[in-house]
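Sharing a sequence plus its predicted fold:
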Amino acid sequence: MPALLTRVLDRLMLQGTITEAEPVAARMRRLRIEGPALAGLDPRPGQQVRILVDGTLTRRTYSVWRYDPSGAVELCVLDHAEAGPGARWGQSARTGDTVRLGKPEGSFVLRPDAAHHVFVGDETASVAFGAMLAALHEGKAVSGCVETQTPGDRLPVPHAGRLDWSLRGTISLPDAVRRLNPPPGGIAYVAGEARTVQQVKRTLVQDAGWDRRAVLTKPFWAPGKRGLE
(Lines give C-alpha, C1' and ligand atoms only; values in the text may rest on other atoms or scores of the structure.)
Protein backbone atom coordinates (compact mmCIF):
# COMPACT_ATOMS: atom_id res chain seq x y z
CA MET A 1 0.00 0.00 0.00
CA PRO A 2 1.45 3.43 -0.94
CA ALA A 3 2.79 5.45 2.00
CA LEU A 4 0.49 8.41 1.27
CA LEU A 5 -2.59 6.19 1.25
CA THR A 6 -1.45 4.57 4.48
CA ARG A 7 -1.19 7.97 6.17
CA VAL A 8 -4.65 8.96 4.93
CA LEU A 9 -6.22 5.73 6.19
CA ASP A 10 -4.50 6.16 9.56
CA ARG A 11 -6.28 9.50 9.91
CA LEU A 12 -9.68 8.31 8.70
CA MET A 13 -9.94 4.85 10.25
CA LEU A 14 -9.24 3.15 13.55
CA GLN A 15 -6.61 0.45 13.78
CA GLY A 16 -6.35 -2.74 15.79
CA THR A 17 -4.76 -6.17 15.80
CA ILE A 18 -6.47 -9.54 15.60
CA THR A 19 -5.76 -11.30 18.90
CA GLU A 20 -8.17 -14.24 18.59
CA ALA A 21 -9.55 -16.13 15.58
CA GLU A 22 -11.65 -19.25 16.05
CA PRO A 23 -14.70 -21.08 14.65
CA VAL A 24 -17.90 -20.19 16.51
CA ALA A 25 -20.30 -22.07 14.18
CA ALA A 26 -19.97 -24.30 11.13
CA ARG A 27 -19.46 -21.37 8.75
CA MET A 28 -18.66 -18.56 11.18
CA ARG A 29 -15.31 -17.37 12.52
CA ARG A 30 -15.08 -15.14 15.56
CA LEU A 31 -12.41 -12.47 15.20
CA ARG A 32 -11.34 -10.37 18.19
CA ILE A 33 -9.66 -7.09 17.23
CA GLU A 34 -7.85 -5.15 19.97
CA GLY A 35 -6.08 -1.83 20.19
CA PRO A 36 -5.96 1.44 22.18
CA ALA A 37 -7.90 3.25 19.42
CA LEU A 38 -10.85 0.92 20.03
CA ALA A 39 -11.35 1.88 23.67
CA GLY A 40 -14.42 3.89 24.67
CA LEU A 41 -16.41 3.51 21.43
CA ASP A 42 -19.72 2.58 23.14
CA PRO A 43 -21.55 0.83 20.26
CA ARG A 44 -25.30 0.28 20.56
CA PRO A 45 -26.40 -3.37 20.30
CA GLY A 46 -27.00 -4.13 16.62
CA GLN A 47 -24.60 -1.58 15.17
CA GLN A 48 -21.92 -2.42 12.62
CA VAL A 49 -18.39 -1.47 11.64
CA ARG A 50 -16.80 -1.10 8.20
CA ILE A 51 -13.64 -3.14 7.71
CA LEU A 52 -10.94 -2.54 5.12
CA VAL A 53 -10.66 -6.07 3.73
CA ASP A 54 -7.85 -5.84 1.21
CA GLY A 55 -4.84 -3.79 0.20
CA THR A 56 -6.87 -1.16 -1.67
CA LEU A 57 -10.02 0.59 -0.46
CA THR A 58 -12.54 -2.27 -0.47
CA ARG A 59 -14.67 -2.19 2.68
CA ARG A 60 -17.22 -4.62 4.02
CA THR A 61 -19.67 -4.12 6.85
CA TYR A 62 -19.98 -6.47 9.84
CA SER A 63 -22.25 -6.39 12.86
CA VAL A 64 -20.52 -6.11 16.22
CA TRP A 65 -20.84 -9.40 18.07
CA ARG A 66 -19.32 -8.22 21.34
CA TYR A 67 -17.53 -5.10 22.53
CA ASP A 68 -15.04 -4.68 25.36
CA PRO A 69 -14.77 -1.00 26.45
CA SER A 70 -11.11 -1.52 27.29
CA GLY A 71 -10.49 -1.67 23.54
CA ALA A 72 -11.74 -4.78 21.71
CA VAL A 73 -14.30 -5.39 18.96
CA GLU A 74 -15.48 -8.92 18.20
CA LEU A 75 -16.98 -9.91 14.84
CA CYS A 76 -18.43 -13.16 13.49
CA VAL A 77 -17.62 -13.50 9.79
CA LEU A 78 -19.68 -15.83 7.59
CA ASP A 79 -17.95 -18.09 5.07
CA HIS A 80 -20.02 -18.78 1.96
CA ALA A 81 -19.65 -20.49 -1.40
CA GLU A 82 -19.46 -17.38 -3.59
CA ALA A 83 -16.61 -15.85 -1.63
CA GLY A 84 -16.11 -12.15 -2.32
CA PRO A 85 -13.48 -9.87 -0.76
CA GLY A 86 -15.16 -9.94 2.65
CA ALA A 87 -15.47 -13.72 2.84
CA ARG A 88 -11.89 -14.14 1.63
CA TRP A 89 -10.70 -11.76 4.32
CA GLY A 90 -12.65 -13.68 6.96
CA GLN A 91 -11.14 -16.96 5.79
CA SER A 92 -7.55 -15.71 5.74
CA ALA A 93 -7.51 -13.42 8.81
CA ARG A 94 -5.01 -14.59 11.42
CA THR A 95 -3.88 -13.48 14.86
CA GLY A 96 -1.34 -10.71 14.55
CA ASP A 97 -2.94 -9.20 11.44
CA THR A 98 -3.52 -5.43 11.47
CA VAL A 99 -7.10 -4.35 10.78
CA ARG A 100 -8.44 -0.93 9.83
CA LEU A 101 -12.05 -0.25 10.71
CA GLY A 102 -14.54 2.56 11.12
CA LYS A 103 -16.44 3.53 14.24
CA PRO A 104 -19.69 1.69 15.05
CA GLU A 105 -22.65 3.04 13.08
CA GLY A 106 -26.19 2.25 11.98
CA SER A 107 -29.78 2.68 13.16
CA PHE A 108 -30.70 -1.03 13.24
CA VAL A 109 -30.33 -1.17 17.01
CA LEU A 110 -32.04 -2.57 20.07
CA ARG A 111 -34.96 -0.62 21.52
CA PRO A 112 -34.52 -1.79 25.14
CA ASP A 113 -37.73 -0.29 26.51
CA ALA A 114 -40.06 -2.15 24.14
CA ALA A 115 -42.77 -4.32 25.71
CA HIS A 116 -41.53 -7.34 23.77
CA HIS A 117 -38.90 -8.12 21.15
CA VAL A 118 -39.30 -10.23 18.00
CA PHE A 119 -36.27 -11.32 15.96
CA VAL A 120 -36.64 -12.61 12.39
CA GLY A 121 -33.76 -13.37 10.03
CA ASP A 122 -31.01 -15.73 8.87
CA GLU A 123 -27.33 -16.44 9.55
CA THR A 124 -26.29 -12.95 8.47
CA ALA A 125 -28.76 -11.42 10.93
CA SER A 126 -27.89 -13.64 13.87
CA VAL A 127 -24.70 -11.72 14.70
CA ALA A 128 -26.60 -8.47 15.28
CA PHE A 129 -29.36 -10.44 17.03
CA GLY A 130 -26.77 -11.94 19.38
CA ALA A 131 -25.59 -8.50 20.48
CA MET A 132 -29.19 -7.34 20.98
CA LEU A 133 -30.22 -10.46 22.89
CA ALA A 134 -27.17 -10.19 25.15
CA ALA A 135 -28.35 -6.72 26.21
CA LEU A 136 -31.81 -7.96 27.28
CA HIS A 137 -32.30 -9.25 30.80
CA GLU A 138 -34.13 -12.50 31.53
CA GLY A 139 -37.41 -10.77 32.34
CA LYS A 140 -37.89 -9.34 28.86
CA ALA A 141 -40.38 -11.01 26.49
CA VAL A 142 -38.47 -12.45 23.52
CA SER A 143 -39.57 -14.50 20.52
CA GLY A 144 -38.61 -14.89 16.89
CA CYS A 145 -37.78 -17.05 13.88
CA VAL A 146 -34.25 -17.64 12.61
CA GLU A 147 -33.36 -19.84 9.64
CA THR A 148 -29.98 -21.36 8.84
CA GLN A 149 -28.55 -23.59 6.14
CA THR A 150 -27.64 -26.35 8.62
CA PRO A 151 -28.03 -26.88 12.39
CA GLY A 152 -24.30 -26.21 12.73
CA ASP A 153 -24.77 -22.66 11.44
CA ARG A 154 -26.68 -21.61 14.55
CA LEU A 155 -24.73 -19.05 16.54
CA PRO A 156 -24.73 -19.45 20.34
CA VAL A 157 -26.95 -16.43 20.98
CA PRO A 158 -28.44 -15.61 24.40
CA HIS A 159 -32.10 -16.62 24.88
CA ALA A 160 -31.72 -19.06 21.98
CA GLY A 161 -34.38 -21.32 23.49
CA ARG A 162 -37.02 -18.64 23.02
CA LEU A 163 -36.48 -18.51 19.26
CA ASP A 164 -37.98 -20.84 16.63
CA TRP A 165 -35.08 -22.23 14.58
CA SER A 166 -35.62 -23.70 11.12
CA LEU A 167 -33.56 -25.01 8.23
CA ARG A 168 -33.68 -23.15 4.93
CA GLY A 169 -36.21 -24.73 2.59
CA THR A 170 -38.38 -26.32 5.30
CA ILE A 171 -40.55 -23.25 5.92
CA SER A 172 -40.33 -19.71 4.59
CA LEU A 173 -39.65 -16.94 7.09
CA PRO A 174 -42.98 -15.19 6.31
CA ASP A 175 -44.80 -18.49 7.01
CA ALA A 176 -42.76 -18.98 10.18
CA VAL A 177 -43.85 -15.52 11.32
CA ARG A 178 -47.49 -16.33 10.55
CA ARG A 179 -47.16 -19.46 12.67
CA LEU A 180 -45.52 -17.50 15.48
CA ASN A 181 -48.22 -14.79 15.21
CA PRO A 182 -46.51 -12.27 17.52
CA PRO A 183 -48.95 -9.74 18.99
CA PRO A 184 -48.50 -6.06 18.08
CA GLY A 185 -47.17 -3.66 20.66
CA GLY A 186 -43.49 -4.51 20.70
CA ILE A 187 -40.55 -4.07 18.35
CA ALA A 188 -39.63 -6.46 15.54
CA TYR A 189 -36.08 -6.69 14.19
CA VAL A 190 -36.07 -8.16 10.67
CA ALA A 191 -32.79 -8.69 8.81
CA GLY A 192 -31.15 -10.87 6.18
CA GLU A 193 -31.90 -11.33 2.47
CA ALA A 194 -33.43 -8.14 1.07
CA ARG A 195 -36.57 -9.52 -0.56
CA THR A 196 -37.35 -11.79 2.39
CA VAL A 197 -36.98 -8.85 4.77
CA GLN A 198 -39.68 -6.95 2.88
CA GLN A 199 -41.94 -10.00 2.76
CA VAL A 200 -41.67 -10.47 6.51
CA LYS A 201 -42.40 -6.81 7.12
CA ARG A 202 -45.57 -7.05 4.98
CA THR A 203 -46.61 -10.15 6.92
CA LEU A 204 -46.24 -8.38 10.24
CA VAL A 205 -48.02 -5.22 9.10
CA GLN A 206 -50.78 -6.66 6.91
CA ASP A 207 -51.44 -10.03 8.54
CA ALA A 208 -50.50 -9.48 12.19
CA GLY A 209 -51.56 -5.83 12.52
CA TRP A 210 -48.21 -4.35 13.46
CA ASP A 211 -47.48 -0.65 13.10
CA ARG A 212 -44.90 -0.44 10.31
CA ARG A 213 -42.85 1.96 12.44
CA ALA A 214 -42.41 -0.85 14.98
CA VAL A 215 -40.77 -3.12 12.39
CA LEU A 216 -37.06 -2.32 12.03
CA THR A 217 -35.47 -3.77 8.90
CA LYS A 218 -31.93 -4.38 7.70
CA PRO A 219 -31.25 -5.98 4.29
CA PHE A 220 -27.79 -7.52 4.64
CA TRP A 221 -27.61 -9.23 1.25
CA ALA A 222 -29.34 -10.00 -2.03
CA PRO A 223 -28.67 -12.75 -4.58
CA GLY A 224 -26.02 -11.69 -7.09
CA LYS A 225 -25.05 -8.57 -5.18
CA ARG A 226 -21.94 -8.06 -3.05
CA GLY A 227 -21.31 -5.60 -0.28
CA LEU A 228 -25.02 -4.89 0.25
CA GLU A 229 -25.77 -3.09 3.50
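Arrived safely. Residues are numbered from 1 along each chain as shown.

count of neighbours near the residue lying closest to Q149 once chain neighbours are set aside?
Excluding the flanking residues, the one nearest Q149 by CB to CB, 6 or more residues apart in numbering is R168, at 5.4 Å. C-beta: built from backbone N, CA, C; applies to glycine. Applying other CB atoms under 10 Å, we find 14 residues neighbouring R168.

ok, now which ones touch R168?
122, 147-149 (CB atoms under 8 Å, 6 or more residues apart in numbering).

longest helix of this structure?
Using DSSP state H to define each element, the chain has its longest helix at helix 123-134.

mean confidence score for that one?
Rounded to a whole number, the mean pLDDT of helix 123-134 is 97.

Quick check: buried residues in that helix?
Of the residues in helix 123-134, 123-133 count as buried by neighbour count, 16 or more other CB atoms under 10 Å.

any chance of the residues you listed in a markdown table, with distance to A222 too?
Converted to a markdown table, the buried residues of helix 123-134 look like this (distance: CB to CB, whole Å):
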| residue | distance to A222 |
| --- | --- |
| E123 | 15 |
| T124 | 11 |
| A125 | 14 |
| S126 | 18 |
| V127 | 18 |
| A128 | 17 |
| F129 | 19 |
| G130 | 22 |
| A131 | 23 |
| M132 | 23 |
| L133 | 25 |
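
mind giving me the domain split of this structure?
Domain assignment for the chain by automatic domain parsing gives 3-101, 116-221.

Show me the one of these that comes nearest V109.
domain 3-101 (4.1 Å; CB to CB).

if we look at the longest strand anywhere in the chain, which residues are touching it?
In the chain, taking DSSP state E as the definition, the longest strand is strand 14-25. Strand 14-25 has contacts (CB under 8 Å, 6+ apart) with 29-35, 37-38, 71-73, 76, 93-103, 123, 152-156.

Please flag which of these sit within strands.
The members of those that map onto strands under DSSP E are 29-34, 72-73, 76, 98-101.

so can I have CSV of those residues showing distance to Q206 and pLDDT?
Output for these, formatted as CSV (distance: CB to CB, whole Å; pLDDT from 0 to 100):
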residue, distance to Q206, pLDDT
R29, 38, 95
R30, 38, 97
L31, 40, 98
R32, 42, 98
I33, 42, 98
E34, 46, 98
A72, 43, 98
V73, 38, 98
C76, 33, 96
T98, 49, 94
V99, 43, 96
R100, 43, 95
L101, 39, 96
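
Make TSV out of the residues you listed and add neighbour count.
Putting the ones in strands among the contacts of strand 14-25 into TSV (neighbours: other CB atoms under 10 Å) gives the following:
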residue	neighbour count
R29	17
R30	18
L31	25
R32	19
I33	26
E34	19
A72	18
V73	25
C76	26
T98	11
V99	23
R100	19
L101	21
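
Which one of those residues is nearest to T203?
Ranked by distance to T203 (CB to CB), the ones in strands among the contacts of strand 14-25 are led by C76 at 27.2 Å.

From V200, how far off is the closest one?
Look at C76 and V200: by CB to CB, to the nearest Å, they are 22 Å apart.

where exactly do the strands run in the chain?
Using DSSP E, the strands of the chain run over 14-25, 28-34, 48-52, 59-63, 66-68, 72-78, 98-101, 116-121, 141-148, 164-167, 187-193, 215-221.

now the ones you listed in TSV, with distance to R179?
Below are the strands of the chain laid out as TSV (distance: least, CB to CB, whole Å):
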stretch	distance to R179
strand 14-25	25
strand 28-34	27
strand 48-52	30
strand 59-63	26
strand 66-68	31
strand 72-78	26
strand 98-101	39
strand 116-121	12
strand 141-148	8
strand 164-167	8
strand 187-193	15
strand 215-221	18
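
I am finished for the moment; much appreciated.
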